[in-house]
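# Predicted coordinates and the sequence they were generated for:
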Amino acid sequence: MKPSRGFSLIELLTVVAIIGIIAAFALPAYRDYVIRGKLSEAFTGLGDMRVRMEQYFQDNRKYNSAGTTCGAALPTSRYFDFACATDAATMAQTYTVTATGKGGEGMTGFEYTVNQSNAKASNITAADWTNPSTNNCWARTKDGRC
């Protein structure tokens, strides 16, 4: 009698089951890791915009210019849309820059802001993500840590 070669059906199903169990844990963790990587674009853009707004203020003594909402040009990003607003009531002495996640890139539900006082805020409505429990920070992790 010749010894059989190859794998039995039981051995093959055992390997498939093990791979399925590993994937059940690995895929959600990987997805969160990818989202955290995309969030860095918002933090970088907001920080850069804040520096440019302060430079504009040093030159013009206000945060806006004629015909624009903010004196500095908004950053561009693959995963976030940026918006800037100044307050006419304070004669353009305040501003708020907002980074809103783009829907087509899987970043729906993420919104971060910064103002002239460097007050940071997070407004996260994405599934399984929470807003930070402390003020003046941008949530970087799923549990709301900054």
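Done, it's in. Just so it is clear, the model here is predicted, and its values are computed rather than measured.

# mind listing the helices for this structure?
Here the chain has its helices, by DSSP state H, at 9-60.

# Just want the most central residue of it.
residue 39 (2.7 Å; C-alpha atoms, centre = their mean).

# what's the closest non-adjacent residue to it?
In this structure, residue 39 finds its nearest non-sequential neighbour in residue 140, 6.2 Å apart by C-beta to C-beta, 6 or more residues apart in numbering. Where you see a C-beta, it was placed from the backbone N, CA and C, and this is true even at glycine.

# and stretch 8-27, average pLDDT?
For stretch 8-27, mean pLDDT is 91.

# neighbours around residue 146, how many?
13 (other C-beta atoms under 10 Å).

# Please work out how many residues are found near the residue found closest to it once you drop the neighbours it is linked to in the chain.
Using C-beta to C-beta, 6+ apart and skipping residues adjacent in sequence, the residue nearest residue 146 is residue 137, 3.4 Å away. Residue 137 has 16 neighbours, counted by other C-beta under 10 Å.

# now residue 97
For residue 97, using other C-beta under 10 Å, the count is 25.

# again with residue 6
Using other C-beta under 10 Å, residue 6 is surrounded by 6 other residues.

# Please report phi then psi for it.
phi 90, psi -170 (degrees, to the nearest 10).

# now the residue nearest to residue 146: how far from residue 120?
Counting by C-beta to C-beta, to the nearest Å, the gap between residue 137 and residue 120 amounts to 6 Å.

# hey, what's in contact with both of the two?
Contact with both residue 137 and residue 120 is made by no residue, according to C-beta atoms under 8 Å, 6 or more residues apart in numbering.

# Identify the residues contacting the residue nearest to the centre of the chain.
Contacts of residue 39 by C-beta under 8 Å, 6+ apart are 110, 138, 140.

# so how far is residue 83 from residue 55?
19 Å.
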